[in-house]
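**Student:** What shape does this take:
(one chain, ligands or ions: 2)
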Amino acid sequence: MGMASYALASRDCQAQDTIVEINTSHKKIFIGEGYCTVIAGPCAVEGIEEYLAIARILQTSGVHVLRGGVFKPRTSPYSFKGLGSEGLKIISEARDITGLPVITEIMDVRDLDLLYENVDVLQIGSRNMQNFTLLEEVGKIDKPVMLKRGLSATIEEWLLAAEYILSGGNRRVILCERGIRTFEHFTRNTVDIGAVALLKQLSHLPIIVDPSHATGRWKMVSPIARAAVAAGADGIMVEVHQNPDQALSDGKQSLTPQNFDKMFKKIIQLAELDGKIIQ
Ligand code: PEP
Ligand code: MN
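**Tutor:** Ligands and ions are numbered 1, 2, ... in the order given. Sure thing, here's the model as predicted:
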């Protein structure tokens, strides 16, 4: 077999697993083989009180990275699109208070400087997986990038999108499986657990699974999160909201803090069973 089209992302190029290190004021967090990293938070930052409260609750559970969207890619232009730079100040404050690293989505290259200063991991959402100019820009920086799988992207297209970032010089790329579009409509997307096992063979990059967007149903989040870790994922990213019924986005797939805590304990048990380092 010749060289893969996604040369830098492939095992041919690098046999050793990439472990992405995130430095915070309190401790280091690792994402990659041998670790199990749990990223959690609301779909979107809705307000300062709400966000700081959930950040503290999640910290008590033991979460490793906080999530919170401020620039939200919404299907309808009339839906809540996030708090923008005001929301960014809120996650940055949560980062200072908890000492936890934070991740948020970048939609526009014009926001890069602002996001670079305030967050630890940049997320490229599904809808932007093939926004090549955006990929090239995040390829030039020294910050981890989590690249979500496109809505209908093949594994090869996804790896080639990662290649855009890697070839720019940024080697801190994390893949995130979030389900793909199929004929099935009882779930929001169809989660591709097989992709997790395959990517571990094809690539050295860390792989995270997002069971929230992958299913669209909160009751499926814990079982799919566990399936992901059992299949070899390096962690999960889940949506949590204090009051899912009132959430401004993705309430149906959001766990309450209580349900999150139950799931978190099960995930850590699985990771321990697998001999992973508990952070
Ligand atoms: C998200 O994680 O905030 C998100 C919008 O997910 P996706 O890009 O996978 O739809
Ligand atoms: Mn969401």
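
**Student:** for the residue nearest to Q279 when sequence neighbours are not counted, phi and psi?
**Tutor:** Distances taken as CB to CB, 6 or more residues apart in numbering place H64 nearest to Q279, at 5.8 Å, with adjacent residues excluded. Glycine gets a C-beta too; all of them are placed from N, C-alpha and C. With angles defined as degrees, to the nearest 10, H64 shows backbone torsions of phi -100, psi -30.

**Student:** list the contacts for H64?
**Tutor:** The neighbours of H64, taking CB atoms under 8 Å, 6 or more residues apart in numbering as the test, are 29, 37-39, 100-101, 235, 279.

**Student:** Not counting its neighbours along the chain, what's nearest whichever residue of the stretch 1-150 of the chain sits closest to ligand 2?
**Tutor:** At 3.3 Å from ligand 2, C43 is the closest residue in the stretch 1-150 of the chain, using CB to the ion. Using CB to CB, 6+ apart and skipping residues adjacent in sequence, the residue nearest C43 is D250, 3.9 Å away.

**Student:** what's the burial count for the one you found?
**Tutor:** Neighbours of D250 under the rule other CB atoms under 10 Å: 20.

**Student:** ok, it touching E46?
**Tutor:** No - in this structure, D250 sits apart from E46 without contact. The criterion is CB atoms under 8 Å, and the distance is 11.5 Å.

**Student:** What lies in contact with the strand or helix carrying L66?
**Tutor:** If you go by DSSP states H and E, L66 is part of strand 65-67. Taking contacts as CB under 8 Å, 6+ apart, the residues outside strand 65-67 that touch it are 22, 29, 37-42, 55, 58, 91, 94-95, 98, 100-104, 120-121, 123, 237, 239.

**Student:** What distance do you get for L151 to ligand 2?
**Tutor:** Distance of L151 to ligand 2, given as CB to the ion, to the nearest Å: 13 Å.

**Student:** Tell me how far that residue lies from L88.
**Tutor:** With the distance defined as CB to CB, to the nearest Å, L151 ends up 25 Å from L88.

**Student:** swap in G47?
**Tutor:** When CB to CB is the yardstick, G47 and L88 sit 14 Å from each other.

**Student:** I'm done for today, thanks for sticking with me.
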